[in-house]
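Participant: Return atomic coordinates for the entry below.
(2 chains)
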2 protein chains.
Amino acid sequence: MLKRTFNINGALKTVIVDPEATLGDVLRKQLMLTGTKVSCDDGHCGACSVIVDGKLTLACITKVNRVPENAKIITIEGIGQPNNLHVIQKAMMAHGAAQCGFCTPGFVVSTKALLEKNPKPTREEVRAWFTQHHNACRCTGYKPIVDAVMDAAAVLRGEKKVEDLEFKMPADGRIWGSKYPRPTAEQKVTGTLDYGQDLGLKMPPGTLHLALVQAKVSHANILSIDTSEAEKMPGVFKVVTHKDVLGKNRITGLITFPTNKGDGWDRPILCDTKVFQYGDAIAIVCADTPEQAKAAAEKVRVELEILPAYMSAPAAMAPDAIEIHPGTPNVYFEQKIAKGKDTAPIMETAPYVVEDSFYLQRQPHLTIEGDMGFAYYDENECLTIHTKSIGLYLHLYMIAPGLGVEPNKLRLVQNPAGGTFGYKFCPTMEALLGVACIATKRPVYLEYDYEQYMTYTGKRSPFFVDLKMAADKNGKIVAMESDWTVDHGPYSEFGDLLTLRGAQYIGAGYNIPNIRGMGRTVCTNHAWGAPFRAYGSPQAFLASESLVDELAEKMGIDPLEFRYNNVYRPGDTTPTGQAPEVYSLPEMLDALRPLYKQAKEKAARESTAENRKGVGIAIGIYGSGLDGVDGAEAKIVLGKDGVTVYATWQDHGQGADAGVLGTAHESLRPLGLRPDQIYLALNDTGTAPNGGPSGGSRSQVVIGNAIKNGCDQLIAAMRKPNGSFRTYDEMVAAKLPLEYVGKWAASENSNCDANGQGNPFAVYMYGAFLAEVTVNTKTGKTTVDGMTIMADAGVINNKLVVDGQIYGGVAQGIGLALSEDFEDIEKHNNMRGAGIPYARDIPDKMDIYYFQTPRPSGPFGAAGVGELPLTSPHVAVINAIYHATGVRIRHLPARPEKVLDGLKEVEPMPV
Amino acid sequence: MLKRTFNINGALKTVIVDPEATLGDVLRKQLMLTGTKVSCDDGHCGACSVIVDGKLTLACITKVNRVPENAKIITIEGIGQPNNLHVIQKAMMAHGAAQCGFCTPGFVVSTKALLEKNPKPTREEVRAWFTQHHNACRCTGYKPIVDAVMDAAAVLRGEKKVEDLEFKMPADGRIWGSKYPRPTAEQKVTGTLDYGQDLGLKMPPGTLHLALVQAKVSHANILSIDTSEAEKMPGVFKVVTHKDVLGKNRITGLITFPTNKGDGWDRPILCDTKVFQYGDAIAIVCADTPEQAKAAAEKVRVELEILPAYMSAPAAMAPDAIEIHPGTPNVYFEQKIAKGKDTAPIMETAPYVVEDSFYLQRQPHLTIEGDMGFAYYDENECLTIHTKSIGLYLHLYMIAPGLGVEPNKLRLVQNPAGGTFGYKFCPTMEALLGVACIATKRPVYLEYDYEQYMTYTGKRSPFFVDLKMAADKNGKIVAMESDWTVDHGPYSEFGDLLTLRGAQYIGAGYNIPNIRGMGRTVCTNHAWGAPFRAYGSPQAFLASESLVDELAEKMGIDPLEFRYNNVYRPGDTTPTGQAPEVYSLPEMLDALRPLYKQAKEKAARESTAENRKGVGIAIGIYGSGLDGVDGAEAKIVLGKDGVTVYATWQDHGQGADAGVLGTAHESLRPLGLRPDQIYLALNDTGTAPNGGPSGGSRSQVVIGNAIKNGCDQLIAAMRKPNGSFRTYDEMVAAKLPLEYVGKWAASENSNCDANGQGNPFAVYMYGAFLAEVTVNTKTGKTTVDGMTIMADAGVINNKLVVDGQIYGGVAQGIGLALSEDFEDIEKHNNMRGAGIPYARDIPDKMDIYYFQTPRPSGPFGAAGVGELPLTSPHVAVINAIYHATGVRIRHLPARPEKVLDGLKEVEPMPV
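Facilitator: Here you go, the predicted structure:
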């Protein structure tokens, strides 16, 4: 051990450290300065940025014995505190630069170091700084952060006033549609918001720390599990295996379609007979400390019979492939689509027919925060599980039978989440925590390291799509034939639903009168398929928005004009035969046209032999909701000094707090409440009613409507005959209820039928993307120079939130197009290896144009927003690469070597 | 478990808590908000004060389940931070209100709550508030705190400027003699200074937590120790007993006098054959968590043969008493004093002779912080032990043989100490930590709860003194006969030295030509005797300063004038025959005379039958140093941006930081350094040379001289022929040494001989105390209305430090006089039971008059100061009670029942 004294945030701190410990662990785990986040533990993400003797330093890879005695260390806690914010923090709040907020302390610290070195940076210098120092953000697309840095620098130089960074309440007191900072913003910019890993350090005495014994192979039979040696290790309280599980030891997919050949009970909590994928949990060591748990986990002996691992859908579909889940065929679900007339005759006769094959990869969510959670028994003896779950009630019912717990004795709570983007639509460790807590009757905490998080949480399922389209001589699409195969990994949950998304979104945006197609879900041994933002649609649009370009080219029509000819107009229907609720695509393309032209001219002007420039477009559509009659509840309670909203509007980081606050504040406007009089009691099944999961951009519409309904009930009860409102005391005196459960359901909707036809969504989001790229023909590297986004997400609740969603989603689309993948378990199990985009990978030019078409079914006209920006921006990039080089990338990501290979095959384009 | 969300310092914090946990534990141990201190754990000390929903709350006795959901909690961390100080914090710094600083966060928080409720409090209201809310301070005597509150309130009301609270550097850049705030002040007022208990929460992973198995009887033979059941308890790594101790398993007193009948090896580290006092350590459980260690400690079975417990010196001296340490008589040391002629004939013939018997009680140190420490192996495989030790090198050599470790493989470090006042001159847990660390090879942490701290650390040893004095007809003292018996508890360390103090200080201050006396040290089974501020002198002065009053009364001379007649003047000698180095007592008494007269007139004027008022005086003297040739070393190192001082100037809380800084800054003035260019590397035997222990007010003189010497050497080396100074770079270029070891020793001094004669100290401190009291004749309660202090502590280094030492020492004297005791192990084992004075128990009127007589042997003329104010203020109070009521209290403390008993015996005094 070393005795070290550091000056930390202006105070001398002596600390006894293991010389091999990292500065990050010393700061967080010993000094409990949890504003500094440690996640990747590999120097990839910058969440751990601190300043050491004036130098920006990644605490997670800095051994504490390298930090000199008396070093001056500045952490986020030393930069500013709630009620004493630094200008950088105010600027971050003003620009919505903190979404999930997990990376924010690192960015604030990094900005501090930057501005001390360079008080007047250019935007490009800011991006270069963040890239050089590995400050990764997965939510914001970097633009709001750069905006904040520029403003903070201007204030520090005396060129702007700090007051300009502070929100000004409008005269009418209305925050709907404004840039009101989200309620959690102040805590996010100050590092005072405790995420799961922080809460894990702050657990009560007696908490056991868990370590998993995991499979290091992808497919095997389990012959034996021997825990005897591990049980004897220091600090071990118990080693839990499947034998300790009181219930069915399976997580159920719950919403398995009737035609699914499986029963949905295929995912073990703790493996008993088989290992289905790399990382599968076989045992849980429960010990006093994390170190003891990990050491003992090494001592559990598992005897395996290795089986062939089917690491892609084609492999699992091979005739000699064995059934991964014995008794269920590897192709366990099929979804047909049949709209209009038979397409075969049309394809034969149509003047323009194109067909092509596409593959969209296993995109990793790459949240900056990994995965962690804890469990305990609450005061009512309810097993209470805290995780990053974005589907609290959903998960409750998915895991209760497996645990052997009655649902009313199970309580799920969401911790502040450092990003999910959908991976937490699946339970990850919920059931493991439950099993360990039941077996030990002690509070338990489990944290995955980043590699565990990468290998043992779900990923976007790859689609193999074969697509054929026909157009008539007028440039109207007349028919489409589709075939899509979904590699869903070993666990079926939501796999059928995802496959249905292929039917719903391949070709969406266009009125295609005749469609025939078939999709299928395939069980494999690669990472299980989990929802990811825009679930199913990036796969669908890769095929249809690429092929539309090919079709336009074949016809010699400009791709924009071809799209303009075909997008939804009144009377048209979606692939599922639904009439869109609004028709904003033609207006969008009209607005995009001049920008597109300018971009093409600019590309032509600036393109060189080495740096080819190109422009691509794509349209994107996504439904806001779960399929069919999606509903939610929310509870509105009048208190003495305001109103409390109890809801499960789970937060990926998107801004559930702002969503709830904006909706409730707008709903309650007759009462004239200030925003700080609306209290949020979110995401705890112990206190809030079922709002459904937060996915598919449903929350603003479905939960938002439930909140509005509850508020309406409250206002009605408070209204006096003369039109004024009863006070809280008057309500109590009049013995009127103070609690109102708001409800809403998309009662006009219906699930899709066997032919993929129906009216699944009450509200859709519509968008169009224009990408400008440069392709270096020597390296094959593609740089996105700009993205223009046309977005109709209905009437906007919170401008900062909606801007942020779009910037962030588009950035993920660029990563999807160019770099992101989780194919190779060895290479892709870390942030850089998996291709996370840094600030310089995302263009500074990201222009959003809003088309706020009010939605009849949305509260105050709102639609959702989260999925829209990741429907098809990647296809705009892919189309732009083609425009620049003639190389069409059909198998994503378009990594440089793939582009180089393509360049070898095509004729050089004229410059 | 409960899930609770609180707004803590402006941030929402969700935390999972055991409903039975205290708010204090949740804040400190879960949220690591260690600015809030928890010590007494009983609501007695207020160190844990926080504000909950606007209400000042003692966190240590508030169950967290009583704190409402969403409660707004303000802790010290939320009031102000380094570089963002609150006005209250600035005022506390300006007034030196933080000495050890352990209670300071509680006082800052308490002040915040007070000023929010009452923005313009009177001084009396401030004292009432702190008393009502149990904010106890053991260092400051409360006055600097009240001063700070008044100033902070004035600033907050806009009546003063905050700038007036900030230290202004004088034009000449000199801080010597100024009110420069001590370097640790900012951290103390912000709660950012980590004390032992805070460091204990911040230990590295793998640290074991220790719990002691302790004796619950005071004297016994050990028949067996069975650890088998405890070893099997969860989380237990090892149970350590005497069998695991590699060395002699004894702590040596080191400086045992040759005539001591014991060998100094009487104190076991872990009891083997016998239990000698209540609380003696028999085994140490080493476990993963404190809770596990405590639970397992309950399972260790110890079989005892109970022996008679000798709980006072007379009991242990009874003829039938067995030897507590077999082979060594219970009276194990005797110290004679023989000065001048035989006194027997003088006593027979002198015109005025008085004699009386006195008892000074077992005063508990009552530090607000208890006792704790930790150990680990450092990077050089040195066993490193951190405690509150104020004698690092001393303790190193005291424990090394017992542990079986070579001294060069042992390293002792002092943690910031929340007060010691001398109890840490003895090792408390150092050797236990060492044994546990050696046995486990793991970092180990041990913390005593307040009861353990009270019962198992040393106390001031009671003295039974019989004293006789004779005066001639001119009012000159001509002879003294003394007999004193020291109840030193079971462990001999420093007991002989303490007994010598009786010889040195009984009758000190007066030129007494003829003295005969004998003191003895007695082994008992009550708490072991440890040094306590003014070590030995409060016992000595209780006797001589009481008896001087009796003698004056007998002669009909005013007690002040009688003293004035007899105090040291040139040609006089101390009881040990030493010529004082300066003669400031006559001047002091001249200055005191008019104040004393006024006080007496006021008392006479205001006295009523119910509330009798009286005035008493006493003089006090104490040597600054260890007896004889006391020496020290300190290392001065030139660095690029300043000078670092390496020293073991241990800090009780008195201000070692300010002492070192002031001395070094003054010494280095030719170099023109700013104070912040002098770095302090204090109190680590791994880096600093041996400065000796910090006791007996020796540090400023002995270590101060060593620092000055080192600085002088450095300056000499840096001086160029032209009188200017080499820079660091020039020193390096010239290959001149950068490190200088300063040395100093009191080479003119000598130890006292068998007759108690010698020149033990180079420098003495001189003082006189005037107490004004009110005695309520119905309740017997004495209130001290005012204290006036005449002090000659030489030339003052830091005014805030010296003021603070005097206020605090006098307050401890008031407690000694009126309330403090540790006699009953059951009743007196907590702060209130042991009689700690609160703010209303200490007068607001405390007037200090300085007589800065330069000391020839003190650096820049300085003496020490710490012991002076506790030499005899209690006797001034006791004399004042006599003056008010005619009741002479001879057996301290003067608790109300004792005064009432006395009142029954005396004639009512005329009012």
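
Participant: what about chain A, any weak spots by pLDDT?
Facilitator: Residue ranges of chain A with pLDDT under 70: A:907-911.

Participant: Mind checking what helix or strand follows the longest helix seen in it in sequence?
Facilitator: Ranked by residue count under DSSP state H, the longest helix found in chain A is helix A:585-606. Going down the chain from helix A:585-606, the next helix or strand is strand A:611-623, by DSSP states H and E.

Participant: List the pairing partners of that following strand within its sheet, with orientation.
Facilitator: When sheet partners are counted by DSSP bridges, strand A:611-623 sits next to strand A:764-776 (antiparallel).

Participant: starting at the chain centroid, how far to the partner strand?
Facilitator: Its chain's C-alpha centre and that of strand A:764-776 lie 20 Å apart, by C-alpha atoms, centre = their mean, to the nearest Å.

Participant: Okay, angle between it and helix A:585-606 too, please.
Facilitator: Relative orientation of strand A:764-776 with respect to helix A:585-606: 10 degrees, computed using axes from the mean of the first three to the mean of the last three C-alpha atoms, to 10 degrees.

Participant: Quick check: next helix or strand after strand A:764-776?
Facilitator: Past strand A:764-776, the next helix or strand by DSSP H and E is strand A:782-792.

Participant: gap between that next one and the chain center?
Facilitator: On the basis of C-alpha atoms, centre = their mean, strand A:782-792 sits 19 Å off its chain's mean C-alpha point.

Participant: try stretch A:702-717
Facilitator: Mean C-alpha position of stretch A:702-717 versus that of the full chain (C-alpha atoms, centre = their mean) differs by 28 Å.

Participant: Would you mind listing the buried residues in the longest helix of chain A?
Facilitator: For helix A:585-606, a neighbour-count test (16 or more other C-beta atoms under 10 Å in any protein chain shown) marks A:585, A:587, A:588, A:589, A:592, A:595, A:596, A:599, A:600, A:603 as buried. C-betas here are computed from N, CA, C, even on glycine.

Participant: so what's the spatially closest residue to the third one that is not a sequence neighbour up against?
Facilitator: It stands for residue A:588. In this structure, residue A:588 finds its nearest non-sequential neighbour in residue A:790, 3.9 Å apart by C-beta to C-beta, 6 or more residues apart in numbering or on different chains. Contact analysis of residue A:790 by C-beta atoms under 8 Å, 6 or more residues apart in numbering or on different chains lists A:588, A:589, A:591, A:592, A:767, A:768, A:769, A:849, A:851.

Participant: Just the CA coordinates for stretch A:281-299, please, in PDB.
Facilitator: Extracted in PDB, the C-alpha atoms of stretch A:281-299 (Å, rounded to 0.1, in the frame of the first residue of the first chain):
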ATOM      1  CA  ALA A 281     -24.800 -17.200 -16.500                       C
ATOM      2  CA  ILE A 282     -24.200 -20.500 -14.800                       C
ATOM      3  CA  ALA A 283     -23.700 -19.500 -11.200                       C
ATOM      4  CA  ILE A 284     -23.700 -16.500  -9.000                       C
ATOM      5  CA  VAL A 285     -21.100 -16.000  -6.200                       C
ATOM      6  CA  CYS A 286     -22.400 -13.900  -3.300                       C
ATOM      7  CA  ALA A 287     -19.600 -12.500  -1.200                       C
ATOM      8  CA  ASP A 288     -18.800  -9.600   1.200                       C
ATOM      9  CA  THR A 289     -16.800  -7.700  -1.400                       C
ATOM     10  CA  PRO A 290     -16.700  -7.600  -5.200                       C
ATOM     11  CA  GLU A 291     -13.100  -8.800  -5.200                       C
ATOM     12  CA  GLN A 292     -13.900 -11.800  -3.100                       C
ATOM     13  CA  ALA A 293     -16.900 -12.700  -5.300                       C
ATOM     14  CA  LYS A 294     -14.700 -12.500  -8.400                       C
ATOM     15  CA  ALA A 295     -12.000 -14.600  -6.900                       C
ATOM     16  CA  ALA A 296     -14.400 -17.300  -5.800                       C
ATOM     17  CA  ALA A 297     -16.200 -17.300  -9.200                       C
ATOM     18  CA  GLU A 298     -12.900 -18.400 -10.700                       C
ATOM     19  CA  LYS A 299     -13.100 -21.500  -8.500                       C
END
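
Participant: For it, list every residue counted as buried.
Facilitator: Under the neighbour-count criterion of 16+ other C-beta under 10 Å, stretch A:281-299 has A:281-290, A:292-297, A:299 buried.

Participant: Is it positioned near chain B?
Facilitator: Yes - using C-beta under 8 Å from any C-beta of the partner chain, stretch A:281-299 reaches chain B at A:288, A:289, A:290, A:291, A:292.

Participant: go on, stretch A:631-645?
Facilitator: No - if you take C-beta under 8 Å from any C-beta as the test, stretch A:631-645 misses chain B, and the best it gets is 9.4 Å.

Participant: Tell me the residues on the stretch 601-750 of chain A that lie near chain B, please.
Facilitator: Within the stretch 601-750 of chain A, the positions lying close to chain B (C-beta under 8 Å from any C-beta) are A:679, A:684, A:686.

Participant: my read is the first one is in a strand, agree?
Facilitator: Yes - counting by DSSP: H, G, I helix; E, B strand; the rest coil, residue A:679 falls inside a strand.

Participant: returning to that earlier point: kindly indicate which of the contacts of residue A:790 lies nearest residue B:36.
Facilitator: Comparing the contacts of residue A:790 against residue B:36 with C-beta to C-beta picks out residue A:767 as the nearest, at 51.7 Å.

Participant: In this structure that closest one contacts residue A:787, no?
Facilitator: No - the criterion here is C-beta atoms under 8 Å, and residue A:767 misses it with residue A:787 at 11.3 Å.

Participant: Keeping just the C-alphas, turn the helix or strand where residue A:93 lies into PDB.
Facilitator: If you go by DSSP H and E, residue A:93 is part of helix A:87-94. What follows is helix A:87-94, C-alpha atoms only, in PDB (Å, rounded to 0.1, in the frame of the first residue of the first chain):
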ATOM      1  CA  VAL A  87     -20.400  28.600 -16.500                       C
ATOM      2  CA  ILE A  88     -19.600  25.400 -18.400                       C
ATOM      3  CA  GLN A  89     -22.200  23.600 -16.500                       C
ATOM      4  CA  LYS A  90     -24.800  26.400 -17.100                       C
ATOM      5  CA  ALA A  91     -24.000  26.200 -20.800                       C
ATOM      6  CA  MET A  92     -24.400  22.500 -20.900                       C
ATOM      7  CA  MET A  93     -27.800  22.800 -19.300                       C
ATOM      8  CA  ALA A  94     -28.800  25.600 -21.700                       C
END
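
Participant: Going along the chain, name the strands of the stretch 251-400 of chain A.
Facilitator: Counting by DSSP state E, counting those that start in this stretch, one finds strands in the stretch 251-400 of chain A at the ranges A:267-268, A:274-275, A:281-287, A:301-306, A:331-339, A:352-360, A:372-377, A:383-387.

Participant: Can you tell me which of these is nearest to residue B:747?
Facilitator: Residue B:747 lies closest, by C-beta to C-beta, to one member of these: strand A:281-287, at 60.2 Å.
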